[in-house]
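Engineer: When you get a sec, could you give me coordinates for this:
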Amino acid sequence: MNLYLPIIIEDVEITWRTFNQIVDEKEYSINVLLATFKNAKDQRQRGNIMHFTQIVHLLNIQKKQLQKNQIYYETSIQYVFNLVYDQIDVIQQEQKQKEKFLKIAIFIKYQGMKESIESIKIKNLSKVNTQKEENENLHKLTEIILRRYSHKFLERLRKILNNHELIT
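Structural biologist: All right, here's what the predicted structure looks like:
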């Protein structure tokens with residue numbers, strides 16, 4: 001048995017060295033895999049950070065564009081409102097002037113008719129019916145003038161609204 005002891009010892013030493021080599025290779029493989037895994041994890045985190053940064057950048061660009069569009073639309077709407085208000089003011093001024101003119105014309109005509117009626121009453125009471133017809137004609141004429149004015153005013157207002165709709 002003593003004879004076999006050096007051979008057994010040598011076989012155990014060879015087996016032990018082989019075992020150590022295998023363990024070292026496995027340990028090296030595990031370290032390589034862990035390093036590769038860590039590297040892949042780091043790359044994925046960097047990729048996620050870059051992706052997130054790009055998304056934030058794109059959102060900021062979109063936000064700026066939306067703000068520009070909002071300012072543009074608000075300015076456009078304000079411009080249209082100003083135009084409409086200006087047109088309304090012009091139309092109101094024209095209407096006031098025409099109303100003044102009509103009031104003066106009606107007043108003058110009324111005074112003339114009043115004087116005519118008084119002189120006709122004095123001269124001839126039978127002509128009262130004739131004067132009444134003249135008054136009715138004057139009222140009809142005034143009504144026609146007012147209707148025309150209202151029609152023109154309505155047309156202008158429609159044009160303004162159409163222009164407003166076309167602009168918006």
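Engineer: pLDDT weak spots in this structure?
Structural biologist: 1-3, 120, 122, 124-129 (pLDDT under 70).
Engineer: Please enumerate the helices of it.
Structural biologist: Using DSSP state H, the helices of the chain run over residues 4-123, 128-167.
Engineer: packing partners for the first one?
Structural biologist: What it means is helix 4-123. In terms of contacts (3 or more CB pairs under 8 Å, 6 or more residues apart in numbering; DSSP states H and E), helix 4-123 is packed against helix 128-167. The C-beta positions use only the backbone N, C-alpha and C, and glycine is treated the same way.
Engineer: May I see the helices of the chain organised as CSV, with mean neighbour count added?
Structural biologist: Listed next are the helices of the chain as CSV, based on neighbours: other CB atoms under 10 Å:
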stretch, mean neighbour count
helix 4-123, 11
helix 128-167, 12
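Engineer: Geometric centre of this protein: which residue is closest?
Structural biologist: The chain has Y73 as the residue nearest its centroid, 5.1 Å off, counting by CA atoms, centre = their mean.
Engineer: separation between that one and I167?
Structural biologist: According to CB to CB, to the nearest Å, Y73 and I167 sit 12 Å apart.
Engineer: What of I160?
Structural biologist: I160 is 11 Å from I167, by CB to CB.
Engineer: what do you get for E94?
Structural biologist: 22 Å.
Engineer: same question, F37
Structural biologist: When distance is defined by CB to CB, F37 is 63 Å away from I167.
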